[in-house]
Structures are given as structure tokens and as C-alpha cells.
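Trainee: Curious how this folds, go ahead:
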Amino acid sequence: MSRHVAAICVSFGLLGGLSAAGWWLWPTSADQQDDSTADMPLPPFPPRIAEGKEYESCLAALADDPAGAAAMAESLLANGGGDGAAHCQGLALIVIGKPEDGAAALERLARDSAAPPMARAVVLSQAAQARLMVRQPGNAEADASEALALSPADTEVFIMRASAEAMLERFQEAVTDLDAALQLDGNRTDALVSRAVMHRRLNELDLAQADVTRALMLDPDYPDALLERGILRERMGDRVGARVDWEHAKGVDPNSTTADLAEQNLSLLEAGPDRR
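Mentor: This is a model prediction of the structure:
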């Protein structure tokens, strides 16, 4: 019987989950974060969806005092704060560990606002990111699709939607979105590695190898590419090469999740493929 290794689809920094049978797997987001109340990362700010000093003050408070920002946003909303208050509230809910509530608030804002399409698209992409945090890939895909309807040439959103599709095990659709992302920016190593994972899941090992090779040409020390190349090498019977890649990945940033995964794979390599 094959042994399972946890691993993640790196397309978007958080994200995708690949959880089917196989010895060497990429991690799922659930393996990294099961507590949805933990502090969440602050999403990048989009073009401003509103103007005003109070809105800017609320956004500024998110980094150092997210609870204070949430209270400020609530107060602003109660006093007719409009889109700016709603946006700050949605982001604050994500940062204080309520990503599902934050996503819902951002979705309502993006659909009800009269702001320009670009601003609404990025708000929807923030909602999609929050949905991925709590493993709601169907919602995340819907948000990303709406964002792309508003902003059709957004590399980040194509990568984000691919993450959702990967979690839904719709690997060919993820490849299509990653193709689109790489047509927009061919040097995105994260998209290349994510596409390599998708190709591997489709058992298209030559295509996976080509993507990971290209990623490592762009960045020879990219840990996620090293981790994935090690997985591919092991799949192809090159245990020595796999070990070299995983040791390298572990050494680039010893305190990272990727290093932990490389260590797990090295331990399983020692145990052998017939150990469960």
C-alpha cells in the first residue's frame, strides 16, 4: 500500500488542496490551518473603492489593530459610512479570524457597489482568497469568475481560480486557468509549479517536468519547485535525485512549510514505498 505525504498547491500563496491517493502529494490548506479563528493574513489592498479620511484611517488600522478597525468600520456603517466602511469591515473580519463572514461582506459590497469594475474585481478576489482559507472552493471559484468578468486580464485571479479548481479536483480546468495566467506573465514561478502539480495529477509527467524545469531555470532555489521536482523524480524512480531536491528545498528556508514537507518526504523515502 502506498504511503501518503501531505503537501499544498502553491499557486497563490495559500492555497489549493490536492488530497487524492498517492505516495508523494502536495499539501492541502487544511493540513496547515484547521482553526478558522486564528489571525489571518491581511489581503493586499485594491484600488480604493471609496474616498475619505475615515476610510483611510480604518484601512490603516488593519495592520496593527484589526479589532479596532472592525469596531471603527461598524461605527462608520451605522452612520452611513457606505462602501468604504463596508470594505474595511470585510477585510477586518478576515484578519481577526472570521474569513467566512468577511468574504460574505466583501461579496455583498462588490455586487452592490457602483465603484469602477477594477475595484470591484479586486474586492471579489479578496473574497475568493478568504473562501479558500476556509476550504470553500466552490464559493472561491464563483468569486474569481465574477472578478474575471470585471477584469479579464488579471493574472492573480486566474491563479486563484486554479487553486479553487484544484481543491475541487478539476485539474484540467486548473491547467487551463494557469495557461491563461502564464500567457499574461510567463515568468510566474508559482503558476509554473502549480501547473506542474496539475499535470502530475493528470499523470502528464513530461509536461509536469517541463514546467518545474522552467521554474527552476527562473529561480534555482525556489523551494516549491524543488519539492515538486523531487516528487516527480521519485515517481520516475530517481530516488537519489529526489533526495537531493528535498534536501535542497529544506535548506533554503528551514522554518518553512515547504521545508517540513521536504522532511516528511525524506522520512518516507527512508521508510520505503511499501510502508504505510
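Trainee: Show me the shaky parts of the stretch 1-150 of the chain.
Mentor: For the stretch 1-150 of the chain, applying pLDDT under 70 flags the ranges 1-47.
Trainee: Okay, and Glu141 sits in which element?
Mentor: helix 137-150 (DSSP states H and E).
Trainee: How far away from the center of its chain is that helix?
Mentor: Offset of helix 137-150 from its chain centre (Cα atoms, centre = their mean, to the nearest Å): 14 Å.
Trainee: Which positions in it come out as buried?
Mentor: Using 16 or more other Cβ atoms under 10 Å as the test for burial, helix 137-150 gives Pro137, Asn139, Ala140, Glu141, Ala142, Asp143, Ala144, Glu146, Ala147, Leu148, Leu150. For every residue, glycine as well, the C-beta is placed using N, CA and C.
Trainee: Output the contacting helices and strands for that helix.
Mentor: In terms of contacts (3 or more Cβ pairs under 8 Å, 6 or more residues apart in numbering; DSSP states H and E), helix 137-150 is packed against helix 99-112, helix 117-133, helix 155-167.
Trainee: Would you reformat the buried residues of helix 137-150 as TSV and include distance to Thr257?
Mentor: Shown next, in TSV, are the buried residues of helix 137-150 (distance: Cβ to Cβ, whole Å):
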residue	distance to Thr257
Pro137	20
Asn139	24
Ala140	20
Glu141	24
Ala142	27
Asp143	25
Ala144	23
Glu146	30
Ala147	27
Leu148	28
Leu150	32
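Trainee: hmm, which two among these are most spread apart?
Mentor: Using Cβ to Cβ, the buried residues of helix 137-150 span at most 20.3 Å, a distance reached by Pro137 and Leu150.
Trainee: Now the helix holding Glu141 - C-alpha only, CSV.
Mentor: Taking C-alpha atoms only, helix 137-150 is exported to CSV below (Å, rounded to 0.1, in the frame of the first residue of the first chain):
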residue,chain,number,x,y,z
PRO,A,137,-13.6,26.2,-3.2
GLY,A,138,-17.0,26.4,-4.9
ASN,A,139,-17.6,29.9,-3.5
ALA,A,140,-14.0,30.9,-4.3
GLU,A,141,-14.4,29.8,-7.9
ALA,A,142,-17.6,31.7,-8.2
ASP,A,143,-16.0,34.9,-6.8
ALA,A,144,-12.9,34.5,-9.0
SER,A,145,-15.1,34.0,-12.1
GLU,A,146,-17.1,37.2,-11.3
ALA,A,147,-13.8,39.0,-10.8
LEU,A,148,-12.5,37.9,-14.2
ALA,A,149,-15.8,39.0,-15.8
LEU,A,150,-15.0,42.5,-14.5
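Trainee: what residues does it touch?
Mentor: Contacts with helix 137-150, where a contact means Cβ atoms under 8 Å, 6 or more residues apart in numbering, come from 17, 103, 107, 110-111, 117-118, 120-122, 124-125, 127-129, 131-132, 154, 157-158, 160-161, 163-165, 167-168.
Trainee: Equivalent analysis for stretch 75-83, please.
Mentor: Contacts to stretch 75-83, defined as Cβ under 8 Å, 6+ apart, come from residues 49-50, 54-55, 58, 73, 84-86, 88-89, 109, 113, 115.
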